[in-house]
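Undergrad: sequence unknown, structure follows:
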C-alpha cells in the first residue's frame, strides 16, 4: 500500500486530500462490483489528477456515476459535498446534478463539514439510499493493509451448507456489526454471512465466519 507521506509536497494539500479520497472510493466501488475502469484510467496518478482537476479542485467536478457489472440498472452516484456546512440547498444542488434519479439506487456523499437538520430531513426524503462517508476515512484504503484477511460473502447455498454442516442457526455465529469499517466498505447488509480467511507468516490458513447484524 502506498504511503500517504510519500505524496506530501509543497503543492496544494487540498488536491492530495481529494486525490486520495476519490481514489479510495473508486477502489471501494470496484470491490463492490461496479464498473470503475473508465474513471480510474482518467486519474491514475496525483500529477494527472492535478492536471485534470487543478491544485484546488472544485468538489462538484469530482463526482461520478457508475453501474454494477452484473446489473446496469443498479447505479451509484458519488458526490463531494465540499467544505461549507451542508444545508438543504446543498443537498438540492447535488440532486439536481443527477442525470436520471429514477434509475439511481444509491448516493454516496463524501462530507467534510457539519450538516444541518434540514439537510438531514431532505436526505431522508430522497427515493434512494444515501451513504455518508467522512473524507478523512477515505485517505487510506483499509482493505489494502498487509495484515488484512480475505473477506467473502457467502451465497444463500453456501450459507445453508455451512449452517447444516455445523448444525447451527445463523444467529449463533459470531457477529459483525453493519457499522464495522469493513462492513461499511463493502456495504454488507444485515443477515449476510462473511467468510474471513486469515493467512500470513504466523498461520497458513485460518477461516472464521461472521453474521452481519
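TA: Happy to help now that I have it. None of these values were measured; they are calculated from a predicted model.

Undergrad: so how far is the longest helix seen in the chain from its chain's centroid?
TA: Counting residues, the longest helix found in the chain (DSSP state H) is helix 13-31. On the basis of C-alpha atoms, centre = their mean, to the nearest Å, helix 13-31 sits 10 Å off its chain's mean C-alpha point.

Undergrad: what's in contact with the helix or strand bottoming out on mean pLDDT in the chain?
TA: Ranked by mean pLDDT, DSSP states H and E, the weakest helix or strand in the chain is helix 37-40, scoring a mean of 78. Outside helix 37-40, the residues that touch it by C-beta atoms under 8 Å, 6 or more residues apart in numbering are 23, 26, 30, 64, 66. For every residue, glycine as well, the C-beta is placed using N, CA and C.

Undergrad: give me that answer again for 7 Å
TA: Helix 37-40 is contacted from outside by 26, 64, using C-beta atoms under 7 Å, 6 or more residues apart in numbering.

Undergrad: show me what counts as buried in it.
TA: Across helix 37-40, burial judged by 16 or more other C-beta atoms under 10 Å covers residue 39.

Undergrad: ditto for stretch 184-200
TA: For stretch 184-200, burial by neighbour count (16+ other C-beta under 10 Å) applies to 184, 185, 186, 187, 188, 192, 193, 194, 195, 196.

Undergrad: residue at max distance from the center of the chain?
TA: Ranked by distance from the centre of the chain (C-alpha atoms, centre = their mean), the top residue is residue 167, with 34.4 Å.

Undergrad: all helices of the protein, in order?
TA: 13-31, 37-40, 46-53, 88-96, 117-124, 156-166, 181-186.

Undergrad: weakest of those helices by average pLDDT?
TA: The minimum mean pLDDT among the helices of the chain belongs to helix 37-40 (a mean of 78).

Undergrad: what about it, distance to the chain center?
TA: Distance, centroid of helix 37-40 to centroid of chain: 15 Å (C-alpha atoms, centre = their mean).

Undergrad: ok and the longest helix of the chain relative to helix 46-53, angle-wise?
TA: Using axes from the mean of the first three to the mean of the last three C-alpha atoms, to 10 degrees, one finds that helix 13-31 and helix 46-53 are set 100 degrees apart in direction.

Undergrad: show me what counts as buried in helix 13-31.
TA: 15-30.

Undergrad: can you read off the pLDDT for the closest residue to residue 147 other than its chain neighbours?
TA: Leaving aside its sequence neighbours, residue 147 sits nearest to residue 200 (C-beta to C-beta, 6 or more residues apart in numbering; 7.1 Å). The model reports residue 200 with a pLDDT of 73.
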